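Undergrad: coords please:
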Amino acid sequence: MKAWPFSEDDWEAVQEAVIDLVNVSNEEDGELIAVKIKEVLDLLEALAIKYGPHPVLFETKADIMTNPAERVELYRQAINLAEQESLQAATVRLSLAEVLIEDLGDNDAAKKELELCKEELTGDDLEEWKALSERVNGPTVQ
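TA: Take a look at the predicted model:
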């Protein structure tokens, strides 16, 4: 499995659909939001058919879902597939840790995820990791 198998055009369609979803998310029109979520999910499903299951597809689906338990399950599926294919899972673990902290209040589980991804981190991901770590461990003394 390639780390990034998607064509530029295929992924651009997903990005545009996600942007459309974000743009309508502030509206109180639940039907319109549901339509936009379905559009993203349909695109992700089409990519799964075209390229096969991929951690990025599970991660992206989890990113747009509203149910925290469903998000956790999708992030875990992404991590499992990434590990099976020897792909990095740091960004997925960061997203999972954030849901565990913010939505489920499970700091212990979040700490485990943060510890598991610590060695894979680079650049902006490292800053996000530090911020999440401070939320579950308290600020570090310098």
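
Undergrad: drop to CA atoms for contacts and neighbour counts, all remaining ones
TA: Will do.

Undergrad: how close does Glu16 get to Lys2?
TA: 23 Å (Cα to Cα, to the nearest Å).

Undergrad: tell me the average confidence for the helix or strand containing Ile33?
TA: Element membership for Ile33 (DSSP states H and E) is helix 30-51. Mean pLDDT, helix 30-51: 95.

Undergrad: and it, how far from the chain's centre?
TA: 15 Å (Cα atoms, centre = their mean, to the nearest Å).

Undergrad: just the CA atoms of the following helix or strand past it, as PDB, please.
TA: Sequence order places helix 55-64 as the next helix or strand after helix 30-51, per DSSP H and E. Provided in PDB are the C-alpha atoms of helix 55-64 (Å, rounded to 0.1, in the frame of the first residue of the first chain):
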ATOM      1  CA  PRO A  55      -6.000   4.900   6.600                       C
ATOM      2  CA  VAL A  56      -6.400   8.400   5.100                       C
ATOM      3  CA  LEU A  57     -10.000   7.500   4.100                       C
ATOM      4  CA  PHE A  58     -10.900   6.300   7.600                       C
ATOM      5  CA  GLU A  59      -9.200   9.400   9.100                       C
ATOM      6  CA  THR A  60     -11.000  11.800   6.800                       C
ATOM      7  CA  LYS A  61     -14.400  10.100   7.500                       C
ATOM      8  CA  ALA A  62     -13.700  10.300  11.200                       C
ATOM      9  CA  ASP A  63     -12.800  14.000  10.900                       C
ATOM     10  CA  ILE A  64     -16.300  14.900   9.600                       C
END
